[in-house]
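**Q** sequence first, predicted model second:
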Amino acid sequence: MKFATLSRVLVTGLGLLLSANALAATKAGFDVKYPINVNGTTLQAGHYNLQWEGTGPNVEVSIMQGKALVAKIPGKVVEMKLREHGALLTQHNPDGTTSLRGVQFEGKKYALDLEQSKTSMEAAAK
């Protein structure tokens, strides 16, 4: 009888732990050091949070500053072979602006590609 109760507690605890990890995989923070364009919106220097939703590799990415939604952009979760260093992947545009192309997360084996075309992140993952 005690074994069955202990098993239920362990299974419940493991389920909560896995749920917490699943939730953690859909949120991340990042810092912007200089203005960066995201889907027509300019992010000024500061701290932002990413949240993404979707099934499979295609996701909808929300960029938040505090509780305010700043930008939304389609994205793709890209599996990486190695654990990454945290980095913002940017592109310098001909008009002198900089656009956000992707985000690599410190210590994670996945990244977010904010372009729907094949990028260097997808190539690195293969």
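**A** That came in fine, so what should we check first?

**Q** average pLDDT across the longest strand seen in the chain?
**A** Using DSSP state E to assign secondary structure, the strand with the most residues in the chain is strand 68-79. Regarding strand 68-79, the rounded mean pLDDT is 92.

**Q** centre of the chain to stretch 82-94, how far?
**A** Here stretch 82-94 is found 12 Å from its chain centre; the criterion is CA atoms, centre = their mean, to the nearest Å.

**Q** quick one: mean pLDDT over that stretch.
**A** 88.

**Q** begin at 46 from now on, thanks
**A** Will do, 46 is the new start, and the previous item becomes stretch 127-139.

**Q** list the buried residues of it.
**A** Of all the residues in stretch 127-139, those buried under the rule 16 or more other CB atoms under 10 Å are 129, 133, 134. Where you see a C-beta, it was placed from the backbone N, CA and C, and this is true even at glycine.

**Q** which residues of this structure fall in strands?
**A** Using DSSP E, strands in the chain cover 72-77, 81-83, 86-88, 91-98, 103-110, 113-124, 132-137, 143-149, 155-158.

**Q** now the longest one: buried residues?
**A** Of the residues in strand 113-124, those with enough neighbours to count as buried (16+ other CB under 10 Å) are 115, 116, 118, 120, 121, 122, 123.

**Q** contacts only, for the fourth one.
**A** Contacts for residue 120 were tallied using CB atoms under 8 Å, 6 or more residues apart in numbering; they are 97, 103, 104, 105, 106, 157, 158, 159.

**Q** and with 7 Å instead?
**A** For residue 120, the contact set (CB atoms under 7 Å, 6 or more residues apart in numbering) comprises 97, 104, 106, 157, 158, 159.

**Q** now it: closest residue in space that isn't a chain neighbour?
**A** residue 106 (4.2 Å; CB to CB, 6 or more residues apart in numbering).
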